[in-house]
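Student: Starting from these lines, generate the structure:
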Amino acid sequence: MKVMLSAQRPLWIERALQFIRFSLVGGLNTCIDVLAFNCLVYLFPTGDTNLLLLFNTLAYLLGATNSFYGNKMWTFSEKTPITRQQVVHFMLVTALGILCNDLFLWQATRLLTSLSLDGFVWTNVAKVSAIAGSFSVSYIGMQLGVFTHKDTSKAGKATAFRPRNPNRPITTASLSVVLPAYNEEAVIEQTITTIVSTLSMWLPDFEVIVVNDGSKDRTSQIVARLATHQPRIRIINHTTNQGYGAALVTGFESFQKDLVFFMDADGQFDIHDLLTFFPLIEEYDAVLGYRIDRQDTWMRKLNAWGWKQLVRSVFNIRVRDVDCAFKLYRAEFFQTHRLETRGAMINTEILYKLARSGYSYTEVGVRHLPRRSGRSTGAKPTVILQALQELFACAKKWFWEETGIE
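Tutor: Numbers count the residues shown, from 1 in each chain. All right, here's what the predicted structure looks like:
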């Protein structure tokens, strides 16, 4: 069964169901937490606040261990292997939860003491109050900082694939690679050379279209030199920098093959990850990559998260990584759909129009490598401002096209 972008449940329903699952897991965690806390209080009776805080922390940690597996496998439906980054993020969220839990317990204990309420029962009242107070902190931390990927269906499950015969093409379809480039003289030659040598072993017919978006360095000269020796390489030059979206659109308007794939030229992706995409494109209309262990600054990650939430809210586009520059499409989509945006909104527009037209997709995790040189322009204020302007303008226009309501 193909997964259709338009078949996704509304975001508020998904969030509500997710919160219910989180609450049920939290109920079990609470039972473990309270049981462990009571065992410690029973075995080591005390009225000392500091010792109670220690017991509370130990009990919370025990519940947190169950929380990790319960929320990973059920609440957020993440079946991917546990990563070191995920464990670190979980430990940070847990530490924040313990801090909040202890603060709530301390405040509740002080309040009950001021009311001259003491004893085993009121100690548990304080404990339950602390759990309730830190519940929302834990949920938000889990959702935004730990379990950020979701495997709910066939979409998103990568298929391990290797050709049976290394001398036999992995697909008979032809492929156009669109490579937008801006000031990438340090890595562009290696990126193109690797793409050509790798695809030569996989495909009988492909082309590499490099769109030089007004680079001020030697990017254009390097690509032109490579093209003179390799007829599969084509270069298209923008005389001035027009933006990432404009570079992609130029490439999409120039391809000549059956399939269209695009990736960044900055060396942060490995073309070998494309191998798993080919068997999937025979079943789906698009194969969307999402970055595993994203190698960007915390500011870029924060910007990306904010943009993702905005896109979800406005257009109901719910993919793991909206702007991952590693995607494969059937050429028919670009031949029949005109793209209107020219900035960072480009991926959102493509995904929205895929959804509106009923195309199917699947998602595959790809490696994301540290940037070796150059500077990313995606977080520049002017780029962000243009993306926001395009988003709201397109939201109004597309809403009117669908409903006839201005």
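Student: When you work out contacts or count neighbours from here on, use the C-alpha atoms and nothing else.
Tutor: Will do.
Student: Excluding residues flanking it in the chain, which one is nearest Thr30?
Tutor: Closest residue to Thr30 apart from its sequence neighbours, by Cα to Cα, 6 or more residues apart in numbering: Gly63 at 6.8 Å.
Student: check which helix or strand covers the one you found.
Tutor: Element membership for Gly63, per DSSP states H and E: helix 49-70.
Student: Would you mind listing the buried residues in that helix?
Tutor: For helix 49-70, a neighbour-count test (16 or more other Cα atoms under 10 Å) marks 52-53, 55-61, 63-64, 66-68, 70 as buried.
Student: for this structure, what spans make up the strands?
Tutor: Using DSSP state E, the strands of the chain run over 175-181, 206-213, 233-238, 259-263, 286-292, 326-330, 361-367.
Student: what's the burial count for the closest residue to Ile292 other than its chain neighbours?
Tutor: The shortest distance from Ile292 to any non-neighbouring residue, by Cα to Cα, 6+ apart, is to Arg367 (5.4 Å). Using other Cα atoms under 10 Å, Arg367 has 17 neighbouring residues.
Student: show me what contacts Arg367?
Tutor: Listed by Cα atoms under 8 Å, 6 or more residues apart in numbering, the contact set of Arg367 reads 269-270, 273, 291-294.
Student: now for the helix holding Gly63, which elements pack on it?
Tutor: Packed against helix 49-70 by the contact rule (3 or more Cα pairs under 8 Å, 6 or more residues apart in numbering; DSSP states H and E) you find helix 11-43, helix 84-114.
Student: Lowest mean pLDDT among the helices and strands of this structure, which one is it?
Tutor: Across the helices and strands of the chain, mean pLDDT, DSSP states H and E gives its lowest value to helix 120-141, namely a mean of 63.
Student: of all the strands of the chain, which lies closest to Thr46?
Tutor: Ranking the strands of the chain by proximity to Thr46 (Cα to Cα) places strand 286-292 first, at 47.6 Å.
Student: what is the mean pLDDT for that closest one?
Tutor: The average pLDDT for strand 286-292 rounds to 95.
Student: so what does it touch, helix or strand wise?
Tutor: helix 277-281, strand 326-330, strand 361-367.
Student: Now it - C-alpha only, CSV.
Tutor: Extracted C-alpha coordinates of strand 286-292, given in CSV (Å, rounded to 0.1, in the frame of the first residue of the first chain):
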residue,chain,number,x,y,z
ALA,A,286,9.2,10.2,-4.6
VAL,A,287,11.9,9.0,-2.2
LEU,A,288,12.7,11.6,0.4
GLY,A,289,15.9,11.5,2.4
TYR,A,290,16.1,12.7,6.0
ARG,A,291,19.4,13.5,7.8
ILE,A,292,20.6,11.0,10.4
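Student: orientation of it relative to strand 326-330 in degrees?
Tutor: 170 degrees (axes from the mean of the first three to the mean of the last three Cα atoms, to 10 degrees).
Student: Just the buried positions in strand 286-292, please.
Tutor: So for strand 286-292, counting by 16+ other Cα under 10 Å, buried means 286-291.
Student: again, but for stretch 21-40
Tutor: Result for stretch 21-40 [16+ other Cα under 10 Å]: buried residues 21-23, 25-26, 29-30, 32-34, 36-38, 40.
Student: need these in TSV with distance to Glu401 and pLDDT, can you?
Tutor: Shown next, in TSV, are these (distance: Cα to Cα, whole Å; pLDDT from 0 to 100):
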residue	distance to Glu401	pLDDT
Arg21	37	80
Phe22	38	75
Ser23	40	78
Val25	43	78
Gly26	44	75
Asn29	48	76
Thr30	50	77
Ile32	54	85
Asp33	54	79
Val34	55	82
Ala36	59	85
Phe37	59	84
Asn38	61	87
Leu40	64	85
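Student: The helices and strands packed on helix 49-70: which one's closest to Glu332?
Tutor: Going by Cα to Cα, the one of the helices and strands packed on helix 49-70 nearest Glu332 is helix 11-43, 29.3 Å.
Student: so how far is the helix holding Gly63 from its chain's centroid?
Tutor: Offset of helix 49-70 from its chain centre (Cα atoms, centre = their mean, to the nearest Å): 31 Å.
Student: What lies in contact with that helix?
Tutor: With Cα under 8 Å, 6+ apart, helix 49-70 has contacts from 25-26, 29-30, 32-34, 36-37, 40-41, 46, 90, 94, 98, 102, 105-106, 109, 127.
Student: ok, and for stretch 328-336, which residues are buried?
Tutor: The neighbour-count check on stretch 328-336 (16+ other Cα under 10 Å) flags 328-331, 333-334 as buried.
Student: next one: stretch 181-191
Tutor: 181-189, 191.
Student: measure it end to end?
Tutor: Start-to-end span of stretch 181-191 (Cα to Cα, to the nearest Å) is 11 Å.
Student: ditto for stretch 41-52
Tutor: From its first residue to its last, stretch 41-52 covers 8 Å (Cα to Cα).
Student: now swap in stretch 35-49 and tell me
Tutor: For stretch 35-49, the first-to-last residue distance is 19 Å (Cα to Cα).
Student: Going forward, the N-terminal residue is numbered 43.
Tutor: Right, with 43 as the first residue, what we last looked at is stretch 77-91.
Student: how far out from the middle of the chain is that stretch?
Tutor: Worked out by Cα atoms, centre = their mean, stretch 77-91 lies 43 Å from the chain centre.
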